[in-house]
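Trainee: Got a predicted structure plus its sequence, pasted below:
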Amino acid sequence: MKRLPEYYAIWHISGHYGLRVFALLVLIFLMLPILVIMPLSFNVEPFFTFTKGMLSLDPDAYSLRWYQEFMDDPNWRLAIRNSFIVGILAALIATLLGTLAAVGLSSPWMPYKRLITALLLSPMIVPLIIIAAGMFFFYTRFNLVGTFPGLIIAHAALGVPFVIITVTATLSGFDRSLFVAGLSLGASPIKVFWDVVIPLIRPGVISGGLFAFVTSFDEVVLVLFLAGPEQRTIPRQMFSGLREQINPTILAVATLLVVLSAALLFTLEALRRRSVRLSGSG
């Protein structure tokens with residue numbers, strides 16, 4: 001019986017490290033398909049497989065050829081421009097609407113809060129194919145199909161739920177007495193909101209905007225339904241490339257998107273930590 005504490009200690013330690021090993025294996029399983037495309041994007045040959053030279057680490061088997069083709073192809077340049085234009089404008093609209101909605105929903109006097117929240121977050125729940133089909137039939141009445149305004153509005157609608165969630169999480173640590181104090185000093189509600197509330201929730205607002213931008217940047221289903229030839233984005237161009245002309249240029253684009261996503265992820269993590277420090281819960 002004296003060995004029971006020692007037995008439980010060993011069991012606890014082994015379970016702790018066993019869970020870490022299991023988590024590491026799951027992470028490798030999820031990341032391996034993403035990491036494999038990176039060396040393939042430097043393939044000198046027009047194949048989607050590793051050549052003998054690549055496996056033997058022959059420098060002549062690697063090239064920036066497909067990255068150069070990506071930059072030189074006018075279709076890809078158009079897709080890059082469209083993706084950033086649509087993504088930035090959609091993120092700005094989604095950030096504005098989502099922030100205002102989150103502030104309203106955080107009020108304890110908001111009526112029908114659960115119903116309104118469910119409606120605003122529905123774009124995250126409803127399958128995209130249903131949303132795209134509904135928007136297509138709705139847009140045809142207003143001649144918005146095949147236009148940039150229609151595509152931007154559709155992408156903004158997808159980004160609003162992400163902004164609401166991140167801003168609402170930031171507002172959960174907000175001290176409402178600061179807002180009341182600002183009003184008691186004679187400032188208008190708008191001025192207090194802009195000078196007091198916004199600086200404190202800015203990390204959450206920026207995080208929501210980045211989420212909205214990434215959502216727009218990666219979206220392909222809505223683009224297939226609503227965009228014309230002049231509004232094709234990078235995911236739409238990749239989809240066309242897989243169907244019409246398969247070459248490692250798509251892998252080069254995918255690698256760049258992975259790098260961009262990783263950079264945005266680190267930015268979001270930095271903003272999250274700053275938000276925790278501002279809220280005083282860290």
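Mentor: Nice, thanks for sending it over.
Trainee: Point out where this structure drops to low pLDDT.
Mentor: Residues of the chain meeting the criterion pLDDT under 70: 1-16, 53-56, 173-175, 245, 272, 274-282.
Trainee: Tell me how it divides into domains.
Mentor: 1-31, 41-72, 73-279 (automatic domain parsing).
Trainee: Now mean neighbour count too, for the ones you listed, in TSV please.
Mentor: For glycine as for every other residue, the C-beta is placed from the backbone atoms N, C-alpha and C. Formatted as TSV, these follow (neighbours: other Cβ atoms under 10 Å):
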stretch	mean neighbour count
domain 1-31	9
domain 41-72	14
domain 73-279	17
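Trainee: in this structure, which residue is closest to the centre?
Mentor: Nearest residue to the geometric centre of the chain (Cα atoms, centre = their mean): V214, 3.3 Å.
Trainee: what sits against that one?
Mentor: S261, L264 (Cβ atoms under 8 Å, 6 or more residues apart in numbering).
Trainee: With just CA atoms, put the helix or strand containing it into PDB.
Mentor: Using DSSP states H and E, V214 falls within helix 198-218. Written as PDB, here are the backbone C-alpha positions of helix 198-218 (Å, rounded to 0.1, in the frame of the first residue of the first chain):
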ATOM      1  CA  ILE A 198     -12.800  51.600 -29.100                       C
ATOM      2  CA  PRO A 199      -9.200  51.900 -27.700                       C
ATOM      3  CA  LEU A 200      -9.900  49.100 -25.200                       C
ATOM      4  CA  ILE A 201     -11.500  46.700 -27.600                       C
ATOM      5  CA  ARG A 202      -9.300  47.600 -30.600                       C
ATOM      6  CA  PRO A 203      -7.400  44.300 -30.500                       C
ATOM      7  CA  GLY A 204     -10.700  42.400 -30.800                       C
ATOM      8  CA  VAL A 205     -11.900  44.600 -33.600                       C
ATOM      9  CA  ILE A 206      -8.600  44.200 -35.500                       C
ATOM     10  CA  SER A 207      -8.700  40.400 -34.900                       C
ATOM     11  CA  GLY A 208     -12.300  40.200 -36.200                       C
ATOM     12  CA  GLY A 209     -11.300  42.200 -39.300                       C
ATOM     13  CA  LEU A 210      -8.400  39.900 -40.000                       C
ATOM     14  CA  PHE A 211     -10.800  36.900 -39.700                       C
ATOM     15  CA  ALA A 212     -13.200  38.500 -42.100                       C
ATOM     16  CA  PHE A 213     -10.400  39.200 -44.500                       C
ATOM     17  CA  VAL A 214      -9.200  35.600 -44.400                       C
ATOM     18  CA  THR A 215     -12.700  34.300 -44.900                       C
ATOM     19  CA  SER A 216     -13.100  36.500 -48.000                       C
ATOM     20  CA  PHE A 217      -9.700  35.600 -49.300                       C
ATOM     21  CA  ASP A 218     -10.300  31.900 -49.100                       C
END
